[in-house]
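Asks: A structural model of the following input is requested.
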Amino acid sequence: MVLDYNSILNGDMYTPEIAQQQNLNRSTLLGSNFTSQNKKYQQQIILSWNRNRRVENGGLISDSLFYGPNFQKSNTIKQRLFGNYFPQITSAKSFWAQNDHRFKHRYFFDTNQTVGIAQAIRFHKVRFQYQDKTTDTNFYGTHYNFNAKKIVDSTAYSLIDHRIGVNFQKQFSNFNANLQINHIFQSLNYQYDTNRVTLKEYNIQSQGFEGILNTKYKSWEIFAEANFFVLGYAQKAFLLNSELKKSFSKKYIISLRGQISNQPISQYLSTFTSNYFYFSNNKLDYSLTSPNFTQQQFASIKISKIGDKLSGNLMCNIGSLQNDYIGIVNISVDLVNFIQFGADVSLKIGKFIFQQQAFIQLNQNSILKNYGFPKLNARSAIYFQNTAFNEALLFRLGVEGIYTSSYNQLNYRPDAGSFYFNLKNPNPLGNYPVFDIFASGRIQNVDLYIKWEHINQWYVVPGFNSRFEQTYQYPIEPERIRFGFNWRFWN
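Replies: Residues are numbered from 1 along each chain as shown. Predicted coordinates for the structure are as follows:
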């Protein structure tokens, strides 16, 4: 049995008070994993509840505290001046609720677990509420989709995924195989209710089949997955996915993977996260009754190194997307060819550990500019690790830096709770490093940490962006100190 509860209040340091965008996150997880004594019956249950309450400011119009005025841009390092934020809106708030419950079990007819039946059920529900008493038409437009007087259930999305089938297993001294064949039934329910649109409710069903194969022979592993839908909304959708993995002397692993898919655009994307745009003037998004399909193909190779002093992995992924759906502004992309490179390396020299992570992604589409995401994400860290108090304390002292290259802005609509691309007004974000200093330790069942974040916030450095945002008009967290602990009540 597992029980986990988190309650995190992120009180922003924005000034004045009307500019704050505080976040209160609460999550509860309850899980169990059961196997009968004769090992014929296996059961897994995961129940999760997540809640988020946020004070919305709609982004910041201008400030001098974090961005700095224009005259600070020069060929020399300048210190930022102290000032106030000026928010877009001052009386809005939102509420997210998400439930994700999963139940999975299977029964084998013999103790060798050769043949059995399996069933898996998932219930996923997301609810979004939004309120702003002022309803500023300059910010929302004339067709805002929320109630100005009280919070109502503006949008509710729920998905039931049911899979039932047979399971075959066979184990030998050097070879084992596992085959699953399932029937898939999916039911999606969508509700929408605001002050400008009467209650709407839609139900969509799909049915299909899937097969999953896992085999292992000595140092070789093969994974293959295929599914296709024959009835309902997702009719003619399919997925083919395979991976081949080879181990060498327990120190190196090479894996090759390929995938081809034809999937309908997610209803979560095309309706739930787009209610502000698609339901203006009581108009329904066409994709509920006539889905668009997205085709994706890719092939990848990954090389992993396992060792006490040097470990890590290298990855290369080449693929394409066709008829893709971007953001919540109804942008359809005919074809995008992309290539991705990734590296994650850790080197231990004595009591010092060096870590380097990098991810590069490129595509040929001149309009989307890498889908609004940076071409380069990189992280570098170095820390000192040792023991103290007769090895009762294991501690680390270190510094890390994170950098993202320049990319065109992502915008955020708080009333839709969604990100989107503003192709008409692109502003360069990224090209900004963030440096942190941290200390952590472990004493038996207690983990402790303290972190001084964004220590370079007060300086504008030539060659780097003076604005530090991942989303336009929403700065990342300023310089601050965080600390905490994790106490496990078992050995």
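Asks: is the residue located most distally from the centre of the chain in a helix, a strand, or coil?
Replies: Distance from the centre of the chain peaks at residue 390, with 41.0 Å (C-alpha atoms, centre = their mean). Three-state call for residue 390 (DSSP: H, G, I helix; E, B strand; the rest coil): coil.
Asks: pLDDT at it, what is it?
Replies: Looking at residue 390, its pLDDT is 87.
Asks: how far away is it from residue 447?
Replies: Distance, residue 390 to residue 447, using C-beta to C-beta, to the nearest Å: 19 Å. Where you see a C-beta, it was placed from the backbone N, CA and C, and this is true even at glycine.
Asks: next: residue 239.
Replies: 39 Å.
Asks: ok, residue 119 next?
Replies: Counting by C-beta to C-beta - residue 119 and residue 447 are separated by 38 Å.
Asks: next one: residue 60
Replies: From residue 60 to residue 447 the distance is 35 Å (C-beta to C-beta).
Asks: which of the two has more neighbours?
Replies: residue 60 (22 against 15; other C-beta atoms under 10 Å).
Asks: partners of the more buried one in the sheet?
Replies: Beta-bridge partners recorded for residue 60 (DSSP bridges): residue 87.
Asks: wait, isn't it in contact with residue 474?
Replies: Yes: the pair residue 60 / residue 474 is scored as a contact, 7.4 Å apart, by C-beta atoms under 8 Å.
Asks: who's in contact with the closest residue to residue 113 other than its chain neighbours?
Replies: Nearest non-adjacent residue to residue 113, counting by C-beta to C-beta, 6 or more residues apart in numbering: residue 169, 5.2 Å away. Going by C-beta atoms under 8 Å, 6 or more residues apart in numbering, residue 169 touches 108, 113-116, 176-179.
Asks: run through the bridge partners of residue 169.
Replies: Bridge pairing for residue 169 - DSSP bridges - gives residue 178.
Asks: please apply the same query to residue 315.
Replies: The partner residues for residue 315, given DSSP bridges, come to residue 302, residue 342.
Asks: so who does it touch?
Replies: 300-303, 340-343.
Asks: ok, now how distant is it from residue 306?
Replies: Taking C-beta to C-beta, one finds residue 315 at 15 Å from residue 306.
Asks: and residue 123, by the same measure?
Replies: Counting by C-beta to C-beta, the gap from residue 123 to residue 306 is 38 Å.
Asks: ok, residue 345 next?
Replies: For residue 345, the distance to residue 306 - C-beta to C-beta - is 12 Å.
Asks: residues in contact with stretch 96-113?
Replies: 38-52, 54, 114-128, 167, 169, 171, 417.
Asks: would you put the C-alpha positions of that stretch in PDB?
Replies: The C-alpha trace of stretch 96-113 is given here as PDB (Å, rounded to 0.1, in the frame of the first residue of the first chain):
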ATOM      1  CA  TRP A  96      -8.200  22.900 -12.000                       C
ATOM      2  CA  ALA A  97      -9.300  19.500 -10.800                       C
ATOM      3  CA  GLN A  98      -7.900  16.300 -12.200                       C
ATOM      4  CA  ASN A  99      -8.800  12.700 -11.200                       C
ATOM      5  CA  ASP A 100      -6.800   9.800 -12.700                       C
ATOM      6  CA  HIS A 101      -7.900   6.300 -11.400                       C
ATOM      7  CA  ARG A 102      -6.500   3.100 -12.800                       C
ATOM      8  CA  PHE A 103      -7.300  -0.600 -12.000                       C
ATOM      9  CA  LYS A 104      -5.400  -3.400 -13.500                       C
ATOM     10  CA  HIS A 105      -5.500  -7.100 -12.800                       C
ATOM     11  CA  ARG A 106      -4.900 -10.500 -14.400                       C
ATOM     12  CA  TYR A 107      -5.500 -14.200 -13.500                       C
ATOM     13  CA  PHE A 108      -3.400 -17.100 -14.700                       C
ATOM     14  CA  PHE A 109      -4.900 -20.600 -15.000                       C
ATOM     15  CA  ASP A 110      -1.700 -22.300 -13.800                       C
ATOM     16  CA  THR A 111       1.100 -21.500 -11.300                       C
ATOM     17  CA  ASN A 112       3.600 -21.300 -14.200                       C
ATOM     18  CA  GLN A 113       1.700 -18.200 -15.400                       C
END
